[in-house]
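Peer 1: Make a model of this:
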Amino acid sequence: MWVRYSKVKTIETDRLILRKFVNRDLEDLYAYGKLDTVGPKAGWMPHPSLEHSQKILNHFIAGNDVYALCLKSENKVIGSVGLHQTKLGEYGEVYELGYVLSTFYEGQGYMFEAVKAVLDYAFNELNLEKIYVGHFLENDRSKKLINKFNFHYLNDYDYESRDYGIKRSKIYCMTIEDYNKSGGLK
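Peer 2: The predicted structure follows:
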């Protein structure tokens, strides 16, 4: 059963503010969206222009299911985390976690911090029963992050990426029971 939630709730962590995207985030979105080290790992081509980023930003704002990762120390958006209601092949209608981070901020624990906060919100406040996540076979950084959270591997899957067509992926799941057994991902 789907639980519908109507808006991205602002979440604060030690170093980040996760919040709804707003129009003033355009330059920051373009700054990481244009990097060839970011989009292809998530299935989309680098943003070719500011106008392209504006279309993506408009989509984020309208969809209201993608968090802007705002780095407190720089008051700058450095990536995003989405919790999307989607259809995922044989699994049917699911909540799927997705994320991207500017290459310049990798390896500093920001995405772990952001994903933990979104999972805490999803399981504790939205009372979701399961969350799915996946990564393309070549995306080792994403695989490592998923493993840190102890998502359960389900199977390999042909995922329809936005810009690259079908890409082979690995799909994982975490249930509310898994989350509670982990002590809330401490």
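
Peer 1: and Gly98, how many neighbours does it have?
Peer 2: Residues lying near Gly98 (other Cβ atoms under 10 Å) number 19. No exception for glycine: its C-beta is placed from N, CA and C like everyone else's.

Peer 1: did I read that right, it in a strand?
Peer 2: Yes. Gly98: assigned to a strand according to DSSP: H, G, I helix; E, B strand; the rest coil.

Peer 1: need the contact list for the residue lying closest to it once chain neighbours are set aside.
Peer 2: The spatial neighbour of Gly98 that comes closest, neighbours along the chain excluded (Cβ to Cβ, 6 or more residues apart in numbering), is Gly82 at 4.4 Å. Gly82 makes contact with Asp65, Val66, Tyr67, Glu96, Leu97, Gly98, Tyr99 under the criterion Cβ atoms under 8 Å, 6 or more residues apart in numbering.

Peer 1: Just put these in TSV and tack on pLDDT.
Peer 2: TSV is the format used below for the contacts of Gly82 (pLDDT from 0 to 100):
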residue	pLDDT
Asp65	91
Val66	94
Tyr67	96
Glu96	93
Leu97	95
Gly98	94
Tyr99	96
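
Peer 1: ok, which stretches of the chain are helices?
Peer 2: Here the chain has its helices, by DSSP state H, at 26-33, 39-42, 50-63, 110-124, 140-148, 176-181.

Peer 1: Pull the residues that contact stretch 68-79.
Peer 2: Contacts to stretch 68-79, defined as Cβ under 8 Å, 6+ apart, come from residues 15-22, 25, 28-29, 32, 60, 80-81, 99-102, 104-105, 110-111, 114.
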